[in-house]
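Novice: Build me a model from this:
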Amino acid sequence: MDEKVNVLFVDDEENVLRSMKRLFMDVDSINILTAPSGKEGLGMLKNNEVAVIVSDQKMPEMSGAEFLEKARRMQPESVRIVLTGYADINAAMDAVNKGGASKYITKPWNDNDLMLTVLNSVETYNLKKENKRLTELTRKQNEELKKWSSELEFYVQQQTVDLTKQNKQLTTLNEKLRKNFRDFISAFYNLLELRNKIIYIHSNNVATIVSEMVHKMGLSYEESENTVVAAQLHDIGKIGIPDAMLIKNFTEFSAEEKEEYIKHPVIGQAVIDSVEGLRDAGVLIRHHHEWYNGNGFPDRLRYEKIPLGSRVIAMADKFDRLTNIGRDSLNIESALQKIKAILGTQLDPDLYQFLSKAVHEGTIAAIPETENVEVELKPNDLVPGIVLSRDVRSGTGLLLLRKGTTLNEKNIETLKRGYHLDPSKSGIFVWGRKT
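Specialist: Residues are numbered from 1 along each chain as shown. Sure, this is the predicted structure:
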């Protein structure tokens, strides 16, 4: 289990500090520290390593800006956030400039927004700390390389072999950093499952379709990654929508419900905007409900003014809704015919060919029942090339791999490890040829 990190709240109002404690009492990954003044907050920093500091701006004796400026000198790696009223925005800017605050939050705040901001800041702190450790490791390794270069030729030859190993380790560490970011995205995305399982499954389906489409479109690595991440999180703004609305179709909404619903792309963008690495994905989330002819929402963009990634997500979103959501789910071919009917109005006609290829040729392609049978295997019996016929979950219900995935050496090892750490009562169901 990861070690808890400290989050310090500084406010001269006791009821605010109590509210903060209640808000985060169920978050196991952090330990809450509180201080009723800047002076006592500095005392806390002398004795505790703090990941995130959240300070009120308007406090007697020492303002939030003054406190954060001193806190910055004591613990420069901490992420600093200032709380301020609408009338004190200039003071908040002072806290940003002098105290190095990365963000300000206006009072009164939204609990969900505040919690996400703090948790994202904790993740930023952890990533910076890990990067610092890796930088120091690299520095030490470079010092060792200099030492090795001065040794006798026999030892130099031996160390050349070791150098190759070290370079591989550095490559692995860099890949781990990238993986940590993707794992953070996945953890963020898994919040959807806790909120509503239908949204979670739908988001996973859309991300899979989008991944296939951008691959066939030949987009750059960065553009592909941003689009797939945005697809995973495209419905994150629905977290605040009432359960009663989530089980209804848009056509069944009242006027008030429609007004509430059309806000979710903007909310989704706002939720992830505090994470710098997700801001490009946030733009794609905002516009995934725009229509190609300009009749969508929230900004009524049309044609190429709609970001390409948003247009891709819109098509994948529509396809999954036609095939997997609702009382009248369609098969693949019927769904494609429905989509053809709205090309040029709701969806970009130039993208249809990539959707068609994705659903016919990719890992989401339908498996003909007349040619295949379902087989239950143990993890050690898996071989590359076979296709999962069902979602694979661990014993506690964690999704390990989605049905339709074609197995390779890497994801086979993932399944073996998952079953070892969290055993499932059932085996792994795959498609096998009839004999």
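
Novice: Endpoints of stretch 251-266, how far apart?
Specialist: End-to-end distance for stretch 251-266: 21 Å, by C-alpha to C-alpha, to the nearest Å.

Novice: Do me a favour and average the pLDDT over that stretch.
Specialist: Mean pLDDT, computed over stretch 251-266, is 86.

Novice: Could you do stretch 428-435 as well?
Specialist: In the prediction, stretch 428-435 has an average pLDDT of 63.

Novice: I'd like the numbering to begin with 406 instead of 1 from here.
Specialist: With 406 as the first residue, the last one maps to stretch 833-840.

Novice: Show me this structure divided up by domain.
Specialist: In the domain annotation for the chain, the residue ranges read 410-524, 530-585, 598-766, 777-838 (automatic domain parsing).

Novice: I'd like those domains laid out as CSV, including mean neighbour count.
Specialist: For every residue, glycine as well, the C-beta is placed using N, CA and C. Putting the domains of the chain into CSV (neighbours: other C-beta atoms under 10 Å) gives the following:
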stretch, mean neighbour count
domain 410-524, 18
domain 530-585, 12
domain 598-766, 18
domain 777-838, 15
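
Novice: Lowest average confidence across the ones you listed, which one?
Specialist: domain 530-585 (a mean of 74).

Novice: Do you have the strands of this structure handy? List them.
Specialist: Per DSSP state E, the chain carries strands over the ranges 410-415, 435-440, 455-461, 484-490, 508-512, 777-782, 792-793, 797-798, 804-806, 833-838.

Novice: Which residues does the second one contact?
Specialist: So that's strand 435-440. 409-416, 422, 425-426, 429-430, 446, 448-449, 453, 455-456, 523-524, 527 (C-beta atoms under 8 Å, 6 or more residues apart in numbering).

Novice: about what we covered before: to residue 691, which of the strands of the chain lies closest?
Specialist: Nearest to residue 691 among the strands of the chain is strand 508-512; the distance by C-beta to C-beta comes to 19.4 Å.

Novice: picking that back up, and the strands of the chain as CSV, adding distance to residue 709?
Specialist: Formatted as CSV, these follow (distance: least, C-beta to C-beta, whole Å):
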stretch, distance to residue 709
strand 410-415, 44
strand 435-440, 44
strand 455-461, 41
strand 484-490, 38
strand 508-512, 33
strand 777-782, 42
strand 792-793, 37
strand 797-798, 40
strand 804-806, 36
strand 833-838, 40
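
Novice: So for residue 613, which of the ones you listed sits nearest?
Specialist: Per C-beta to C-beta, nearest to residue 613 of the strands of the chain: strand 804-806, 11.0 Å.

Novice: how near is the residue lying closest to residue 817 once chain neighbours are set aside to residue 797?
Specialist: The shortest distance from residue 817 to any non-neighbouring residue, by C-beta to C-beta, 6 or more residues apart in numbering, is to residue 787 (4.9 Å). Using C-beta to C-beta, to the nearest Å, one gets 10 Å for the distance from residue 787 to residue 797.

Novice: what's the burial count for the closest residue to residue 484 other than its chain neighbours?
Specialist: Leaving aside its chain neighbours, residue 484 sits nearest to residue 526 (4.1 Å; criterion: C-beta to C-beta, 6+ apart). Counted by other C-beta atoms under 10 Å, the residues lying close to residue 526 total 23.

Novice: Verify the contact between residue 526 and residue 506 for me.
Specialist: No. With contact defined as C-beta atoms under 8 Å, residue 526 does not reach residue 506; the gap is 10.7 Å.

Novice: coming back round to it: overlap in contacts, residue 787 and residue 797.
Specialist: 820, 833.

Novice: nearest spatial neighbour of residue 727, skipping sequence neighbours?
Specialist: In space, and not counting its chain neighbours, residue 727 is closest to residue 740: 3.9 Å by C-beta to C-beta, 6+ apart.

Novice: do you know how far that neighbour is from residue 635?
Specialist: With distances taken as C-beta to C-beta, residue 740 is found 22 Å from residue 635.

Novice: cool, and residue 611?
Specialist: In terms of C-beta to C-beta, residue 611 sits 10 Å off from residue 635.

Novice: Just to check, residue 631 is in contact with residue 686?
Specialist: Yes. In this structure, residue 631 is within contact of residue 686 by C-beta under 8 Å, at 5.1 Å.

Novice: residue contacts, residue 422?
Specialist: Residue 422 neighbours (C-beta under 8 Å, 6+ apart): 414, 416, 439, 441.

Novice: What's the separation between the second one and residue 423?
Specialist: Between residue 416 and residue 423 the distance is 10 Å, computed by C-beta to C-beta.

Novice: same question, the first one
Specialist: Here residue 414 is placed at a distance of 10 Å from residue 423 (C-beta to C-beta).

Novice: Now the common contact residues for these two.
Specialist: By C-beta under 8 Å, 6+ apart, no residue touches both residue 414 and residue 423.

Novice: returning to what we had before: the residue nearest to residue 727 is in contact with residue 729, isn't it?
Specialist: No. Using C-beta under 8 Å, residue 740 is not in contact with residue 729, being 9.4 Å away.

Novice: For the residue nearest to residue 817, give me its contacts.
Specialist: Applying C-beta under 8 Å, 6+ apart, the residues near residue 787 are 812, 817, 820, 821, 833, 835.

Novice: what separates residue 797 from residue 791, distance-wise?
Specialist: Applying C-beta to C-beta to residue 797 and residue 791 gives a distance of 12 Å.

Novice: just residue 626 next, same as before
Specialist: 28 Å.

Novice: Ok, residue 667 next?
Specialist: From residue 667 over to residue 791 (counting by C-beta to C-beta), the distance is 43 Å.

Novice: Kindly report the same for residue 822.
Specialist: Separation of residue 822 from residue 791 (C-beta to C-beta): 18 Å.

Novice: sorry, back to before: so what sits against both of residue 611 and residue 635?
Specialist: residue 718.
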